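Student: here is my input; please provide its structure:
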Amino acid sequence: MAAFPWHARSRNYVSESEVCKLESVPLDFGDYHPLKPITVTESKTKKMNRKGSTSSTSSSSSSSVMDPLSSVLDGTDPLSLFAAAADPVTTTATMDSTRKKRDKDDSSAVGSDFEPWSSKRGEILSRYTTTEKLSINLYMGSEKGKATTTGSAVSEKVRTRLEELDDLEEGSQKELLNLTQQDYMNRIEELNQSLKDAWSSDQKVKALKIVIQCSKLLSDTTVIQFYPSKFVLITDILDTFGKLVYERILSMCMDNRVSLPDNFSPEIVNDTAKETCLNWFFKIASIRELIPRFYVEAAILKCNKFLSKTGISECLPRLTSMIRGIGDPLVAVYARAYLCRVGMEVAPQLKESLNKNFFDFLLTFKQIHGDTVQNQLVVQCVEIPLYLTLYSPAIDWILQCIAYHAPEVLLTEMMERCKKLGNNALLLNSVMSAFRAEFIAARSMDFIAMIKECDESGFPKHLLFRSLGLNLALADPPENDRLQILNEAWKVITKLKNPQDYINCAEVWVEYTCRHFTKREVNTVLADVIKHMTPDRAFEDAYPQLQSIIQKVITYIYDFSLLFSVEKFLPFLDMFQKESVRVEVCKCIMESFIKHQQESTKDPVILNALLHICKTMHDSVNALTLEDEKRMLAALINGFIKMVSFGRDFEQQLSFYVEARSMFCNLEPVLVQLIHSVNQLAMETRKVMKGNHSRKTAAFVRACVAFCFITIPSLSGIFTRLNLYLHSGQVALANQCLSQADAFFKAAVSLVPEVPKMISVDGKMRPSDAFLLEFLCNFFSTLLVVPDHPEQGVLFLVRGLLNVIQDYTWEDNNDDKVRIYTNVLHLLSAMTQETYIYHVDKVDSNDTLYGGDSKFLAEINKLCETVIAQILDHLKTLGKEETLKRQSQLALYFFNTILAHGDLRNNKLNQLSVNLWNLAQKHGFADTKTMVKTLEYIKRQSKQPGMSHLTDLALRLPLQSRT
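Tutor: Predicted coordinates:
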């Protein structure tokens, strides 16, 4: 192939820049501004009909931002509406969704500020456990319980159901003994599923039997410490039953597939639904035993809405009175809790029954200390303090229901009634758990006085102080009382011998101390915790509470100079001797530092403490540490490094970075950050000296450069190293460290052959070609301003890089090598200019060193010839049918390079560009739009001064249509 000598066109970058500038046009904004909100005016908008509503026209003008399409449709898709009207399946689905919405509305009638029962469920199940063996009576289904066939007579169906109810009394059940707690829970879940299965197969009586059997279990207190959890499990079944019955009756009320409105009145309920509803209440009324009769009726209390407006308000007092017949005080209080729970769901406005339940409980409160209960506890070997805690979930719930939106007068009355009872610690604890925190905080001293009067043998005082502390964490007491409150509480807490009891209380009161007092009081509290938790390594069993204490301290004391001046803070951290917990605590501290530290710091106390904490996190990294964990730790350490600044003391700053490198050598992102920080330090030095380094600053900058040169090889990521070599070389060049810059660039050149074909990116293997191409383009841009070394010859770095690219093994189906060569032509063309497009301040580039010397230009042109030959050889190899599209794309790419950088007044170069144009279109793979736009560009350029020769070129470039 004939050689094509390269002739770069001379460029005047200043004039080209002026031509390319956008024309500035004065703009009068007037009322228009791009950031001003859009105003949509809506008038006479016809809304689509919804079911049960009439069409309406509205005329309105809205100044708010709104979607006009949504406003027209009122959120309803008309196609879905029409489809729903025609499709009975969709209609049924719509009814179900309406019913769900109504159920949701009913349940949320008390408001989002009311803590629902579901949020307490998990805590009760995890807290009240047992290792004792349990027993359960299971309903054994009989053939008689199955649904009758459609051909059966009505009388036979009635007779069958009556027999089933008789069968219930005769005892179609089996008692399972010696069950573990998990087995028991599994059996209860099986019963719940059996209930749903029986209901779905139209075996309503069987479903009722299952519910009655389950309700009977609530009268059994043989394993008393498990009773609260048993209550949760059984009432789940009752809730399921109540919902099934309600939805069954509701479905019978739907006339013409139109559901009842949310607040329906009993008058619009049809007779069939009312009769079915009454039938359910009559069935339940025939249950002989009190406890199952009460629970099952309470479960379907909501169904009274179908019978009369006053049904619920009449039933609640009657059910409240029924509970008086339950002898066991624990069973009775949970029955009251269930009634209050159902009452809050179906009629939260009926507060009187809630109050009545509580006052009834107060009347029977003395039963707890009666002989019957005491004998039962002796038999089961249960201590009275443990027994009293079993009441807490029920009393807490009852009081929560009463206290919800209750006036101050009522709450004060409740408190006074509790005062009058002897040994009222249990009630006092529940009052503090259920009442509003503001109410408790305002009367803190009254509550402390009541706590002091309580008998220690019944309900432990430290639990009462813990409950008080929880309230004071949410609301502030009167300012004058704050110190006295802390003193009174801590007198009791510090005397606790049991480490677990102590830490449970101290954890709560630490927050109160941090909120209202100075570091002196916080330090005293931390010292007391250390004193109590260090003997016998008690802290090992209290890591969650100790973590919570740290979290609270750093939440309120986020000035780290103040935090680390708390004398006992770091000794407190020493109690975290389990590595995983210790690392979590360190992460919390570092997150808080990064979040709250607004200004950089050089405080030696902060630096030493945080270096120790970061070192702890770093040393936890091992071969099994996940990449996500490493990234998180590195991000926290990097956040700390960025916040350290010694101001103008650059040598101290560099010393800190050197120390950090030795401490965090196992986390690659930290080393990368340190290299960037040191490079930034060198550039700040240059800025201070305004580019004119003294002997001292020049030596300092070389020390920074040496830091980077030593650190980069220790990194594993190949492209991380390449980019850092390039970046650090640029910094060295900017600081006139020419030999050091050459060393960085040589290292980068020698590293290119090591680039693998595939690299891991975000955990996935990707081809490296695109990354290598991007790096080399950046490298070429830097090499333009790098002056030649006087002993290395002309363009020694460019030649070295070209040799590496030539020897690199490229994929056969990849054209990146040619694209790189084309970019080399861009570089070499820029090097032939009299004045380069950019320079590094106080560094003489080759345009100054050679001054347009003919030998230098000849060397460049010789390199260009070699590169062009390589490009043309590659284009020739793409002449096969399967690679013609690639050939077309590369030919056009090379054509654009010649057009931008070549002197087309040269005949050979001109002819080469025409040949490339024709080759791009030869096989019909060229994009016609691109070719047209390129030709238009050439014609426009031909009108520029000194570019008239492009007119002739444009005439020689035909456009070929695809045929």
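Student: contacts, neighbours, all on C-alpha from now
Tutor: Fine.
Student: what about residue 804, how many neighbours?
Tutor: Residue neighbour count, defined by other Cα atoms under 10 Å, stands at 16 for residue 804.
Student: quick one: low-confidence ranges for this protein?
Tutor: Along the chain, the parts satisfying pLDDT under 70 run over 1-3, 25-110, 137-178, 255-258, 261-262, 422-423, 456-458, 961-963.
Student: 50 instead?
Tutor: Scanning the chain for pLDDT under 50 picks out the ranges 1, 43-75, 81-108, 140-154, 168-172, 963.
Student: mind giving me the packing neighbours of the helix or strand hosting residue 587?
Tutor: Element membership for residue 587 (DSSP states H and E) is helix 579-596. Here helix 579-596 touches helix 543-556, helix 604-619, helix 627-642, going by 3 or more Cα pairs under 8 Å, 6 or more residues apart in numbering; DSSP states H and E.
Student: for residue 755, which of these is the nearest?
Tutor: Minimum separation from residue 755 across the helices and strands packed on helix 579-596 (Cα to Cα) falls at helix 627-642, 22.4 Å.
Student: mind listing what's buried along the helix or strand following the closest one?
Tutor: Counting by DSSP H and E, the next helix or strand C-terminal to helix 627-642 is helix 650-663. By 16 or more other Cα atoms under 10 Å, the buried positions in helix 650-663 come out as 650, 653, 654, 656, 657, 660, 661, 663.
Student: format these as CSV; extra columns: distance to residue 805.
Tutor: Shown next, in CSV, are the buried residues of helix 650-663 (distance: Cα to Cα, whole Å):
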residue, distance to residue 805
650, 40
653, 40
654, 37
656, 40
657, 36
660, 37
661, 34
663, 38
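Student: out of the residues you listed, who's nearest residue 325?
Tutor: Nearest to residue 325 among these, counting by Cα to Cα, is residue 663 at 72.7 Å.
Student: need the contact list for the closest one.
Tutor: Shown in contact with residue 663 (Cα atoms under 8 Å, 6 or more residues apart in numbering): 615, 618.
Student: 10 Å instead?
Tutor: Residue 663 sits next to 611, 612, 614, 615, 616, 618, 619, 657 when contact means Cα atoms under 10 Å, 6 or more residues apart in numbering.
Student: which one (most neighbours) among those residues?
Tutor: residue 614 (25 neighbours).
Student: ok, and what's touching the helix holding residue 587?
Tutor: Outside helix 579-596, the residues within contact range by Cα under 10 Å, 6+ apart are 543-544, 546-548, 550-551, 553-555, 557-560, 573-577, 610, 612-620, 632-633, 635-640, 642-643.
Student: part of a strand, is residue 765?
Tutor: Yes - judged by DSSP: H, G, I helix; E, B strand; the rest coil, residue 765 forms part of a strand.
Student: how about the strands of the stretch 651-800 of the chain, start to end?
Tutor: Assigned by DSSP state E, counting those that start in this stretch, the strands in the stretch 651-800 of the chain fall at 758-761, 764-767.
Student: could you list the buried residues of the first one?
Tutor: Neighbour counts over strand 758-761 (16+ other Cα under 10 Å) mark residue 759 as buried.
Student: what's it in contact with?
Tutor: Outside strand 758-761, the residues that reach it (Cα under 10 Å, 6+ apart) are 717, 718, 719, 764, 765, 766, 767, 768, 769, 771.
Student: what residues are up against the fourth one?
Tutor: What it means is residue 764. Going by Cα under 10 Å, 6+ apart, residue 764 touches residue 758.
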